[in-house]
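*Asks:* fold the following and give me the result.
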Amino acid sequence: MAKTSSVLEWCIVRLGEDLNWWVEEISDDVHWDVDGLSIIDPRQVSHVIDQIEPLRDYDFQPEVLESAFYKFKIDKKLDDNRLRLVRVNDSLLESEDMLFALADIIDEEKGPYADFLDHITRLRVKLLNDTIDFEQKLTIEELEEEIREEQNADFMEGRAIHVFVELNSILEYVPAGYEAELEDDEAEEKNPEDEIEEDFPDVDDDEKIEEDETMKWDEDEDEEDEDDENGDSDSDDDDYSDDDEEEEEEPRSRRRK
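*Replies:* Reported below is the predicted structural model:
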């Protein structure tokens, strides 16, 4: 089936107990088998795009991602756990709409989705070899073999593998025993200024700051200054005698000479 075919126009999806979306019914039931057919929701699409970002330094090809998925948007809500989606031709990387992504697995061995898996697997291996000091270089075959073992275990237990899980197994893959080394390297790449900004919460200029005892010293000093300007208290004035006033006036007259 050509990808421009109008046969694939809509699908009905349900939210599973694993909180992933699965296809329940599809307009093209000739080329698609809905048994175990998964679809990525907008939140998962965003996560995958974020995970792909580091691979851009290794010549990631955006068109490989775009061609690997059919895009859908929500047409209407059928009930609490079911949605009807309609096909769109938007870009996963550029669209501002919330898109679902259905992997093109009509040809599981040589189709666009298979090419996408090969592409990100190769780039993930390059990234890991550049980041981690392995005794021997990691190979694509080693990564694929380890992931295949995990998938076979799921098949044996009768669990369908969701596309989102499959993608994360590649995009987040780290050989056992090297997780800490990769985390240390990523921590070193963080901008120290970014960490400083994260330590200081945003302050609302309009928010009133609650006062405590340590914040009253300015007010006390202002009161003391006001007392000095207005003279001593009335009780102190009563202690002064007329003689004191005359003695105080004499030095002032000398200063005016």
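
*Asks:* tell me where the model's unsure across the chain.
*Replies:* 1-6, 183-257 (pLDDT under 70).

*Asks:* all helices for the stretch 51-200 of the chain, in order.
*Replies:* For the stretch 51-200 of the chain, the helices defined by DSSP state H, counting those that start in this stretch occupy 62-67, 112-131, 140-156, 163-171, 179-189, 192-199.

*Asks:* how about JSON lines for these, with mean neighbour count and distance to residue 81 added?
*Replies:* Any C-beta I mention is one placed from the backbone N, CA and C, and that applies to glycine too. Shown next, in JSON lines, are those (neighbours: other CB atoms under 10 Å; distance: least, CB to CB, whole Å):
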{"stretch": "helix 62-67", "mean neighbour count": "16", "distance to residue 81": "28"}
{"stretch": "helix 112-131", "mean neighbour count": "18", "distance to residue 81": "26"}
{"stretch": "helix 140-156", "mean neighbour count": "12", "distance to residue 81": "23"}
{"stretch": "helix 163-171", "mean neighbour count": "19", "distance to residue 81": "18"}
{"stretch": "helix 179-189", "mean neighbour count": "11", "distance to residue 81": "35"}
{"stretch": "helix 192-199", "mean neighbour count": "8", "distance to residue 81": "37"}
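
*Asks:* nearest to residue 35, out of these?
*Replies:* helix 140-156 (13.4 Å; CB to CB).

*Asks:* which strand residues bridge residue 21?
*Replies:* For residue 21, the beta-bridge partners under DSSP bridges are residue 15, residue 39.

*Asks:* please shift the residue numbers so they start at 55 in all later answers.
*Replies:* With the count now opening at 55, the last piece we talked about shows up as residue 75.

*Asks:* pretty sure it contacts residue 91?
*Replies:* No - using CB atoms under 8 Å, residue 75 is not in contact with residue 91, being 10.2 Å away.

*Asks:* in its sheet, which strands sit next to the longest strand seen in the chain, and in what direction?
*Replies:* Across the chain, the longest stretch assigned as strand under DSSP state E is strand 123-133. Paired neighbours of strand 123-133 in the sheet (DSSP bridges): strand 136-142 (antiparallel), strand 154-157 (antiparallel).

*Asks:* which residues touch that strand?
*Replies:* For strand 123-133, the surrounding residues in contact (CB atoms under 8 Å, 6 or more residues apart in numbering) are 57, 62, 64-66, 93-94, 137-146, 149, 151-158, 167.

*Asks:* PyMOL command for the buried members of those residues?
*Replies:* Buried members of the contacts of strand 123-133, defined by 16 or more other CB atoms under 10 Å, are picked up in PyMOL with:
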select buried, resi 62+65+66+93+94+137+139+141+146+153+154+155+156+157+158+167
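
*Asks:* and the angle from the longest strand of the chain to helix 217-225?
*Replies:* Direction vectors for strand 123-133 and helix 217-225, defined by axes from the mean of the first three to the mean of the last three CA atoms, to 10 degrees, enclose an angle of 140 degrees.
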